[in-house]
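> Sequence and predicted structure are below.
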Amino acid sequence: MTTTTLTWTELCAADAVGDGAHKAFFIGTKRLCAVNHGGVFHVVDDLCTHGVAYLSDGYLDTDECVLECPLHGGLFSYHDGCPKGDPAEKPVRSYETRIVDGVVMVAL
Ligand code: FES
């Protein structure tokens, strides 16, 4: 049995992404896409699993809770990174988040 230790890392100020918006952030060389939906933050890997495009450059649909890739329109849930529409087949990694003293923390 393997045990994974999560490291809580500062991502951004909680007011850096408005409600209903999404934005790219870097932690080191890792590029992440953060979504603010009703004050709750969701974070997934920004690079699409289908090709070379960033989900933060695409459309955010908070009704369906998906990010749409700007290149071919693949859909990914921003809750768990699962593909929700062709041609996306593989999930993007999603990350647990929490807000501490006005700062969004992400578990890497
Ligand atoms: S590159 Fe994202 S759906 Fe093709």
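That came through, no problem. Numbering: from 1, shown residues only.
> what's around L71, how many residues?
L71: 16 surrounding residues under other Cβ atoms under 10 Å. For the C-beta atoms, the positions are set from N, CA and C on the backbone; glycine is no exception.
> my read: it touches A53, true?
Yes: counting by Cβ atoms under 8 Å, L71 does reach A53; the two are 3.7 Å apart.
> how about the residues of the chain near the ligand?
C48, H50, G51, A53, C69, L71, H72, G74, P87, A88 (Cβ under 6 Å from any ligand atom).
> Report the buried members of those residues.
For those, a neighbour count by 16 or more other Cβ atoms under 10 Å gives the buried set as C48, H50, A53, C69, L71, G74, A88.
> hmm, who's touching stretch 21-32?
Defining contact as Cβ atoms under 8 Å, 6 or more residues apart in numbering, one finds that stretch 21-32 is touched by 9, 11-12, 16-17, 33-36, 43-47, 54-57, 60, 67, 78, 95, 106, 108.
> For ChimeraX, what selects the buried ones among these?
ChimeraX command restricting those to the buried ones, with burial defined by 16+ other Cβ under 10 Å:
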select :11,12,17,33,34,35,36,43,44,45,46,47,54,55,56,60,67,78,95,106,108
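> Tell me which of the contacts of stretch 21-32 fall in strands.
Residues of the contacts of stretch 21-32 located in strands (DSSP state E): 9, 11-12, 33-36, 43-45, 60, 67, 95, 106.
> Going by distance to the ligand, which of those residues wins?
The ligand lies nearest to L67 out of these, by Cβ to the nearest ligand atom, at 9.9 Å.
> What residues are bridge-paired with V43?
Bridge pairing for V43 (DSSP bridges) gives the partners A34, Y95.
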